[in-house]
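Asks: mind folding the following:
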Amino acid sequence: MVLRFSRSGKAAFEFRRQEIRQQMVRCQVGFEMERGEGMEDDIIERLKILVENRMGLSIRIEDNETLRKTVIARMKILNKATPDEYLNLLAAETGASELEWRVIAPRLTIGESYFFRDTGHISLLQHTILPELIEKKQHLRSLRIWSAGCSTGEEPYSIAILLDTLLPDLSQWEIVILGTDINVDLLRKAERGVYEDWSFRSLAPAIQHKYFSRDKDGWKIDERVRKIVKFQYGNLNKKDLFSQYPEMGSIDLIICRNVFIYFNTEAVAFACENFTRTLNEDGYLITGHGELHGHKIMNLRQIMYPEAVIYKKKVPLEKGKQPEIITKDLPIRNKKLFKSKSSKTREKRKENNVIIKEKVDDLIFILENLIDKRMYTEAVSKAKEYLLTDKENYKICYLLAQAYANSGDYDNAEFWCQRAIKINNNAADPYFLLANIAEMRGNNDAAIDLFIKTIYLNPSFIAAYCELSGLYERQNNRIRSQKFRATAIKLLAPLPSHTLVQPYNITAEELLTSINCLPGH
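Replies: Numbering: from 1, shown residues only. Below is the predicted model:
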């Protein structure tokens, strides 16, 4: 399998062994997790169920030790003699329980944000979505925007800055930008509106100096912008969230990025149902790249822009109908083949399908070899010919996406990745491919989001950890780079030396050696 892009851009995903060494040489090592002791696994499993029910968060097995250490630390502080006592506290519907959940929430989630994060989304907001909303609400001069999972506040403040550039009469508008999060520590920082240099790594210096001023603690946001943004605690999995905070009603735009990657399926559905309920008609929902693929979202239609897939609320659909999807669909060769005019035709097609499906393994082998040999046109032709009779074959859709990506046709590659995800929304490979495409397009923020999604779907995806390490290193985020690199090493170490690491297609020994020989290891 060939799946790595060349920096020249001529061949999108041609991997070379030397490139691993060149990329990994920038990484540093130094991440170890201290293990907690004195707690049975069944206690951890019970706690994970509580976390899922209360917060909607899916705790991976890889995060069990973090959870274990958190409980041990909190038991000592609260003077709880046994884990059962602590679990009883969390399970209770009391003020003390609510306070404890607010304390441990920051330890279960990752808060990372910066101004104008994800250039694709920012461009879409600046040039399309916000101008449309402004035009629509011109007579009311009112806009309500919700940043759900706002972390330290850079996202809602970024929206406020965009609105200031789009509205010369901003003071004449009633603007409400609400940021919510389950991490009260991050909310306190957001309310202060003071940030260090790292938060401005994607912001033009001219904008930074226009909207921020230096003080002893860092860069403080301009009061004129800060006053239109408010922050409050909000658990998206809490049933009475909207009754507690009426300002969350009649929202024109909801931004909820990099939140659903931590949620289980039920929590995603619950949050999206509430989002749909609180959105105005024709209101927008923006999520992280690929976060809602495979989820059934009613009363929202997908709109696929070059920068991202977003969702727009429409009037309620009739029972049993699926939401409308607006996209640039690929032309299907000879659509008449999908129309059966007689039972004889249907039987003939059924017979042909059986024959083709019996040979699908052979076809997959052929496609993989064609891609290895860089015969992408032939691979595309064979894959599409098969899909005319079996359009729901995940593997063929994915290989078709890979062939398109390797040939540099990123639009078609993304389309077939999404088709593969629709067939199997638990598969990690399409997200890894989408991440590489995003990186090739220069959208590193989207690439990071998609690599993280890859890992959540497949925690043993070694290549995704390597790619994340390299991306974070290029952003000068040594801590995260070291963390992901160390995890890759941890996963590689027990593998037999001859094991091929996909999609790099080199042995575990070769990859591990190239990492271990780097300076600083």
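
Asks: which residues are in contact with the spatially closest residue to residue 184 that is not a sequence neighbour?
Replies: Distances taken as CB to CB, 6 or more residues apart in numbering put residue 102 closest to residue 184, at 5.1 Å, once the chain neighbours are dropped. For the C-beta atoms, the positions are set from N, CA and C on the backbone; glycine is no exception. Residues near residue 102 by CB atoms under 8 Å, 6 or more residues apart in numbering: 182, 184, 233.

Asks: return the distance of the last one relative to residue 272.
Replies: In other words, residue 233. 21 Å (CB to CB, to the nearest Å).

Asks: what ranges does the stretch 401-521 of the chain have for its helices?
Replies: Counting by DSSP state H, counting those that start in this stretch, the stretch 401-521 of the chain has helices at residues 410-423, 429-440, 444-457, 462-474, 478-492, 508-516.

Asks: give me the distance from the shortest one to the chain's centre.
Replies: If you compare the mean C-alpha spot of helix 508-516 with that of the full chain, they lie 29 Å apart, counting by CA atoms, centre = their mean, to the nearest Å.

Asks: same deal with the third one?
Replies: Using CA atoms, centre = their mean, the distance from the centre of helix 444-457 to the centre of the chain it belongs to is 6 Å.

Asks: on that earlier part again, what's the most buried one of the helices of the stretch 401-521 of the chain?
Replies: helix 429-440 (a mean of 25; mean count of other CB atoms under 10 Å).

Asks: residue 233 and residue 272 - which one has more neighbours?
Replies: Neighbour count, other CB atoms under 10 Å: between residue 233 and residue 272, residue 272 has more, with 25 against 17.

Asks: helix, strand or coil for that one?
Replies: Three-state secondary structure (criterion: DSSP: H, G, I helix; E, B strand; the rest coil) places residue 272 in helix.

Asks: on the three-state scheme, the nearest residue to it once chain neighbours are set aside is what?
Replies: Distance criterion CB to CB, 6+ apart; nearest residue to residue 272, sequence neighbours excluded, is residue 297 at 5.2 Å. Three-state assignment for residue 297 (three-state DSSP): coil.

Asks: check what pLDDT residue 297 gets.
Replies: The model reports residue 297 with a pLDDT of 76.

Asks: isn't it right up against residue 311?
Replies: Yes - contact criterion CB atoms under 8 Å: residue 297 and residue 311 qualify, at 6.6 Å.

Asks: between the two, which one's more packed in?
Replies: residue 311 (23 against 19).

Asks: check which helices and strands the strand or helix carrying the more buried one sits against.
Replies: Counting by DSSP states H and E, the element that carries residue 311 is strand 309-313. Applying 3 or more CB pairs under 8 Å, 6 or more residues apart in numbering; DSSP states H and E, one finds that strand 309-313 contacts strand 279-287, strand 300-304.

Asks: now it - C-alpha only, CSV.
Replies: Only the C-alpha atoms of strand 309-313 are listed here, as CSV (Å, rounded to 0.1, in the frame of the first residue of the first chain):
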residue,chain,number,x,y,z
VAL,A,309,-19.0,20.1,5.5
ILE,A,310,-21.5,22.1,7.5
TYR,A,311,-25.2,21.6,8.5
LYS,A,312,-28.2,23.9,8.0
LYS,A,313,-31.5,23.6,9.8
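
Asks: hmm, who's touching it?
Replies: By CB under 8 Å, 6+ apart, strand 309-313 touches 124, 129, 276, 279-287, 289, 292, 297, 299-303.

Asks: pLDDT below threshold where in the chain?
Replies: 1-40, 55-63, 106-112, 239-248, 290, 293-294, 315-359, 515-521 (pLDDT under 70).

Asks: so which residues of it form strands?
Replies: Ranges of strands within the chain are 142-148, 174-181, 194-195, 212-215, 218-221, 229-233, 251-256, 279-287, 300-304, 309-313, 325-326, 500-501, 506-507, based on DSSP state E.

Asks: the second one vs strand 229-233, what angle?
Replies: In this case it means strand 174-181. Strand 174-181 runs at 30 degrees relative to strand 229-233, counting by axes from the mean of the first three to the mean of the last three CA atoms, to 10 degrees.

Asks: please tell me how far the residue nearest to residue 272 sits from residue 47.
Replies: Residue 297 is 30 Å from residue 47, by CB to CB.
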